[in-house]
Each structure stands twice: as structure tokens, then as C-alpha cells.
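K.L.:
Predicted coordinates and the sequence they were generated for:
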Amino acid sequence: MDFTGKVAIVTGGANGIGQAVAQSFAARGARGVLVVDRDATAGEATAAAIRATGAHALFTAADVTQSADVRAYVQLALDTWGTIDCFHNNAGIEGKIAVTAEYDEAVFDSVMAVNVKGVFLGLRHVLPVMLKQGHGAVVNTASVAGLFGTPGMPAYVASKHAVMGLTKVAAGEVGPQGIRVNAVCPGPIDTRMVRDIAKQVSPNNPEQVEARYAGSIPLRRYGTAQEVANLVLFLCSDLAGNITGAQYVVDGGRTAAPAGVASSIVE
């Protein structure tokens, strides 16, 4: 997976999966990596760490729910490097843990804004650039929550189902012009988001929640951000040249296990 000469944008690139993806693009030769996040401190630290390796990276703060911010990060990449070859449309939030009958409307709206509108706006403003170029690869971050229902997470589950739909629609639209659009579906990954969910479920003993949930995974562990990054880079690479409109699960076998697929971390 050689990205020599390529330019990549990674949203939600300050931490977790996005950070691992940004660092991996740089490590595999990308001539430019744009880290996009609303966390300016962590985002700049990620870009600085990449630059310390001798690669070229920039950070820009952006709210992915605002079209003006999205247009701005796309334009920054073009002004700096003249192209966008790879786009990891990754920014997302988990929301709160609560059953549908008690879910807060404002929280629901905020999750849908970031996880759905943010992904849509990324596609809306990056795809025209790729269509003009005649090439490009997009990977949207969905989730195993986009494949089945998880009690206690109505907003997150609904948003990730929507990401799967956006991925398939976009892939069908731009495939004839040589643009590929795929989705990754991480299961529980050892990141802040998953740890935050465990803390919401059991503030006094999140470790017990994590141990129980890990025990439901055939590999008996959470995945790592780097393992997801490896998949994202594969889907952006020429090795995946005939893959588009697909969703790739990276979950340690969680969705393959016949028992408890639709069970919840809330149990």
C-alpha cells in the first residue's frame, strides 16, 4: 500500500481511528495529509507528530456539520497540494446511552448532525473535486451499529445505518467516473468513544462493562485503531481497485457470532 505522491484528508483525525489513519497515510509515503477536527489542541498535536517524522501534514479546525467549514478544509487541501486523492470521512460522536422512549431530542439531533450530515457534507464537497480529477477513493466510517440494532443507542445506530446508505448511493453515482466509495464498520475499538460508553453504562465500574463486552467477541478483545487504519488504507489503495459500495467489518468476529449479535453493551 504505497501512497507516494498522494494527498489525503482525514476528518476526526485528532484522536483514535482518525489519528491512526492520518499517521498511516504519512508513514506510507503520502506527500500531504490534512487532519481535520474540532479539537484544535489534539489535532495540531497529531499534525505536528506527523511532521516530526519528515512528512507533510497540516491541521485545520472545522465543524463538519457546517458547509462553510467543509468547503474551507477542502479548499485548504487544494490550495496546498492541488489534489485530493484519498478522503477518510470519519468524524463521529456516540451520543448518550438511553432507550428510545427516553432519548433526549437535542442529543439525537446532535448525533445525526455530526454522523450523517457531516458525512454527507464531506461527500458533497469532496466528490466534485474527485470527479474533476477523474480519480479518488473515499472511505466513510460506519460501524457494526450500521448492521444491526443495539438497544440503548437509537441515535448512533440510526446514524450509522444512514452512513451505509450514503456510501452505497454515492458509490453508484460516481463509480462510472472512476471514483470509489466504501465504508468500514468497526466493532468495539479501544478508543475514547468506547471507553466513554462504558463509563455511561457504569460510572463506578466501567472496566466490568468492558470486560463483559470483550467476552462476547470471538477474539476476546477490543480492536485497535491501527487495525482499522490498516483496512482504511487498503480500501484507499490500488489493491482495492475493484471494490466500491462495500462495507468491511473489523470487529473481531462480533457480528459473525450467532449469539447476542443484537445485544447491547447496556445489558
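P.N.:
On my side now, so go ahead.

K.L.:
pLDDT of the helix or strand harbouring Val74, averaged?
P.N.:
According to DSSP states H and E, Val74 maps onto helix 67-81. Average pLDDT, helix 67-81: 98.

K.L.:
buried residues in it?
P.N.:
Neighbour counts over helix 67-81 (16 or more other CB atoms under 10 Å) mark 69-70, 72-74, 76-77, 81 as buried. Quick note: C-beta positions are derived from backbone N, CA and C, even for glycine.

K.L.:
One more: stretch 177-187?
P.N.:
Of the residues in stretch 177-187, those buried (16+ other CB under 10 Å) are 179-187.

K.L.:
nearest to Asn205, of the buried residues of helix 67-81?
P.N.:
Proximity of those to Asn205 (CB to CB) peaks at Asp69, which lies at 38.7 Å.

K.L.:
Quick check: chain neighbours aside, which residue is closest to the closest one?
P.N.:
Nearest non-adjacent residue to Asp69, counting by CB to CB, 6 or more residues apart in numbering: Ala62, 4.0 Å away.

K.L.:
for that neighbour, what are its contacts?
P.N.:
11, 36-38, 69-70, 72-73 (CB atoms under 8 Å, 6 or more residues apart in numbering).

K.L.:
of these, closest to Ala26?
P.N.:
Looking across the contacts of Ala62 and measuring by CB to CB, the closest to Ala26 is Val36, at 14.8 Å.

K.L.:
Check the residue nearest to Asp69 and give its pLDDT.
P.N.:
At Ala62, pLDDT is 98.

K.L.:
quick one: it from Ala14, how far?
P.N.:
11 Å (CB to CB, to the nearest Å).

K.L.:
so what sits against both of the two?
P.N.:
Joint contacts of Ala62 and Ala14 (CB under 8 Å, 6+ apart) are Asp37.

K.L.:
Which helix in the protein has the most residues?
P.N.:
Secondary structure of the chain per DSSP state H: the longest helix is helix 154-174.

K.L.:
Using CSV, list the CA coordinates for the longest strand anywhere in the chain.
P.N.:
As assigned by DSSP state E, the longest strand anywhere in the chain is strand 179-186. This file holds the C-alpha atoms of strand 179-186, laid out as CSV (Å, rounded to 0.1, in the frame of the first residue of the first chain):
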residue,chain,number,x,y,z
ILE,A,179,-14.3,7.2,-8.0
ARG,A,180,-14.6,4.5,-5.3
VAL,A,181,-16.7,4.9,-2.1
ASN,A,182,-16.6,2.3,0.6
ALA,A,183,-17.4,2.1,4.3
VAL,A,184,-15.6,0.5,7.3
CYS,A,185,-17.7,-1.0,10.1
PRO,A,186,-15.6,-1.1,13.3
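
K.L.:
Let me know the helix or strand that Asn140 is in.
P.N.:
Using DSSP H and E, Asn140 maps to strand 136-141.

K.L.:
For that strand, which strands pair with it and how are they oriented?
P.N.:
With DSSP bridges as the test, strand 136-141 is paired with strand 86-89 (parallel), strand 179-186 (parallel).

K.L.:
quick check: angle from the worst-scoring helix or strand of the chain on mean pLDDT to helix 154-174?
P.N.:
Least confident helix or strand of the chain, by mean pLDDT, DSSP states H and E, is helix 192-201 with a mean of 77. Counting by axes from the mean of the first three to the mean of the last three CA atoms, to 10 degrees, helix 192-201 lies at 150 degrees to helix 154-174.

K.L.:
what helices or strands is helix 192-201 leaning on?
P.N.:
With contacts defined as 3 or more CB pairs under 8 Å, 6 or more residues apart in numbering; DSSP states H and E, helix 192-201 has these neighbours: helix 206-215.

K.L.:
Having no further points to raise, I will conclude here.
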